[in-house]
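# Sequence plus the predicted model coming up.
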Amino acid sequence: ETGVTQSPTHLIKTRGQQVTLRCSSQSGHNTVSWYQQALGQGPQFIFQYYREEENGRGNFPPRFSGLQFPNYSSELNVNALELDDSALYLCASSTGTAPGNTIYFGEGSWLTVV
Amino acid sequence: AQSVTQPDIHITVSEGASLELRCNYSYGATPYLFWYVQSPGQGLQLLLKYFSGDTLVQGIKGFEAEFKRSQSSFNLRKPSVHWSDAAEYFCAVGPNAGNMLTFGGGTRLMVKP
């Protein structure tokens, strides 16, 4: 039990649509990051939020955006969905950005784009 | 740019046998290294991490890993594998701050009875 809850667990969208994925972290977890894990691959870092500000981004286009809220929840938004966006999206949270902090992962949201 | 290579995509071992999963990294500074396990349909669970100090790191579930700077490796080991260890294992390297990890492609472990 990591204390990181993601919703929905599975969803199907059509190419061109928009999707919002949600993550709820433990109290005090002011750092949240999102990862995309395509089938058979390792997770790829999308972006990180620290105290509601984006402070790191991987090699993903601007149609991937996010929000972090004061209540330790966060969102990942993807616009203009493409077939290659089909993947498991993982949320990870921690109590700060120091390297000694343990990073807790949620169980992910499976997105299928048809 | 940092990168992680897990050379073995699949490994099959017999229950009770020893296990070693390989991980090689490329990173410009002192790396922060992690091993995670992912069971089917599950998120990632941290097995162990290395930041500094003793190069042999003990983790959960009887796993250990050894950091070898000269070989840019961080191999995961377990002396006796249990059927419940069947899962996907990921090695990751991080910067000195934050949750921005770079993962390898993973090694799928199968355990024979």
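That came in fine, so what should we check first? Just so you know, these numbers come straight off a predicted model, no measurement behind them.
# Contact residues of chain B facing chain A?
Counting by CB under 8 Å from any CB of the partner chain, the residues of chain B close to chain A are B:4, B:6, B:32, B:36, B:41-46, B:51, B:90, B:92, B:94-106. Where C-beta positions appear, they are placed from N, C-alpha and C, glycine not excepted.
# Restricted to buried residues, select the residues you listed in ChimeraX.
Restricted to buried positions by 16 or more other CB atoms under 10 Å in any protein chain shown, the ChimeraX selection for these reads:
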select /B:4,6,32,36,43,44,45,46,90,92,94,95,97,98,99,100,101,102,103,104,105,106
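# Which of the residues of chain B next to chain A fall within strands?
B:4, B:32, B:36, B:45-46, B:90, B:92, B:94, B:102-103 (DSSP state E).
# Dump the residues you listed into a markdown table; add pLDDT as well.
Formatted as a markdown table, these follow (pLDDT from 0 to 100):
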| residue | pLDDT |
| --- | --- |
| B:4 | 95 |
| B:32 | 89 |
| B:36 | 95 |
| B:45 | 92 |
| B:46 | 91 |
| B:90 | 97 |
| B:92 | 94 |
| B:94 | 84 |
| B:102 | 92 |
| B:103 | 94 |
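# Next one: the residue of chain A found nearest chain B from residue B:18, what distance?
When distances are taken as CB to the nearest CB, chain A reaches nearest to chain B at residue A:42, 3.5 Å away. According to CB to CB, to the nearest Å, residue A:42 stands 24 Å off from residue B:18.
# Compare those two (neighbour count), which wins?
Ranked by neighbour count (other CB atoms under 10 Å in any protein chain shown), residue A:42 and residue B:18 place residue A:42 first, with 22 against 11.
# For that one, which non-adjacent residue is closest in space?
residue B:103 (3.5 Å; CB to CB, 6 or more residues apart in numbering or on different chains).
# Equivalent analysis for residue B:46, please.
Residue B:46's closest residue in space is residue B:36 (CB to CB, 6+ apart), at 5.7 Å.
# Next, residue 73: phi, psi?
Since no chain was named, I'll use chain A. phi -100, psi 160 (degrees, to the nearest 10).
# who's the spatially most central residue of chain A bridged to?
The centre of chain A sits closest to residue A:34, judged by CA atoms, centre = their mean, with a distance of 3.0 Å. Beta-bridge pairing for residue A:34 (DSSP bridges): residue A:47, residue A:91.
# mind listing what it touches?
A:23, A:45-48, A:66, A:74, A:76, A:89-92 (CB atoms under 8 Å, 6 or more residues apart in numbering or on different chains).
# Most neighbours among those, which one is it?
residue A:91 (30 neighbours).
# What distance do you get for it to residue B:86?
Counting by CB to CB - residue A:91 and residue B:86 are separated by 25 Å.
# residues in contact with the residue of chain B found nearest chain A?
Per CB to the nearest CB, residue B:103 is where chain B lies closest to chain A, at 3.5 Å. Contacts of residue B:103 were listed using CB under 8 Å, 6+ apart, and they are A:35, A:42-44, B:4, B:36, B:90-92.
# now these as TSV including distance to residue A:59?
Output for the contacts of residue B:103, formatted as TSV (distance: CB to CB, whole Å):
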residue	distance to residue A:59
A:35	12
A:42	14
A:43	13
A:44	8
B:4	15
B:36	21
B:90	19
B:91	20
B:92	16
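# Tell me, what's the model's pLDDT at the residue positioned nearest the centre of chain B?
By CA atoms, centre = their mean, chain B has its centre lying nearest to residue B:35, at 3.5 Å. pLDDT, residue B:35: 96.
# Perfect, that will be all.
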